[in-house]
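J.: give me a 3D structure for the following:
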Amino acid sequence: MGYLKQALLCTAWLLGGSFVYGLTLESSAFVDGGELPAMYAAADSETSPPVNWDGAPRRTKTYAIVADRLGSQGEAVVHWVIYNIPVRDSHIAEGAYVVFNGSTREAQTGLNSWAKAAWTGPDAAKGSGELRIRLFALDRKLTFQTQPDAVALFEAMDGYVLDVAEIVAVSANES
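T.: Residues are numbered from 1 along each chain as shown. Below is the predicted model of the structure:
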């Protein structure tokens, strides 16, 4: 990746925006900027929305997904962490459950803010109703000794992100 693209990508990432070069991300459950259906938004929901993508850079080896929002105190609240999604994949199905297994060649889950290796719906009453789902195209497979949280994932991805795509959903009481 050229220096300018990497600088812009890092700047956008740090500022919480998106810099989409060619990678696209969408969901059949909601449009970008639209309302997140209640079945995914309830705080006790473990049904993740379906997402699919296209346009990965040629050197992509794996993908990672992080879904987060701002909490009531301005902190990042992470709802979903998936990494080492094989390059042959172009979607995650609704309600997909991915198990952490350090020896598998398949996608793996990290821990969300509730220390769960699963989707947890964003209860808009406890913070921002705006949920960001970001897809990262990576030029390598990531290795962890223990199940990572989003912070460990971001640290491991540093320098290996080829492109990022993002979609945003708003909880019903925020739209």
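J.: where in the protein is pLDDT low?
T.: Per-residue confidence for the chain (pLDDT under 70) gives these ranges: 1-21, 97-105, 124-128, 172-175.
J.: any idea which residue sits dead centre in it?
T.: To find the centre residue of the chain, average its C-alpha atoms and take the closest one (Cα atoms, centre = their mean): that gives Val66, at 2.1 Å.
J.: which stretches in the protein count as strands?
T.: Taking DSSP state E as the test, the strands found in the chain are 24-26, 51-54, 62-70, 76-86, 91-92, 108-109, 130-138, 161-170.
J.: Asp54: how many residues sit nearby?
T.: By the measure other Cβ atoms under 10 Å, the count of residues near Asp54 is 12. In short, each C-beta sits where N, CA and C put it, glycine included.
J.: sorry, slip of the keys, the one I care about is Ser27.
T.: Using other Cβ under 10 Å as the criterion, Ser27 is surrounded by 22 other residues.
J.: who touches it in this structure?
T.: Taking Cβ atoms under 8 Å, 6 or more residues apart in numbering as the criterion, Ser27 is in contact with Pro49, Pro50, Val51, Asn52, Ile133, Ile167, Ala169.
J.: wait, isn't the fifth one in contact with Val51?
T.: Yep, that's Ile133 we're talking about. Yes. Ile133 sits in contact with Val51 when judged by Cβ atoms under 8 Å, with a separation of 6.3 Å.
J.: quick one: closest of the strands of the chain to Trp119.
T.: Closest to Trp119 of these, according to Cβ to Cβ: strand 76-86, at 4.8 Å.
J.: partner strands of the closest one, with direction?
T.: On the basis of DSSP bridges, the sheet neighbours of strand 76-86 come out as strand 62-70 (antiparallel), strand 108-109 (antiparallel).
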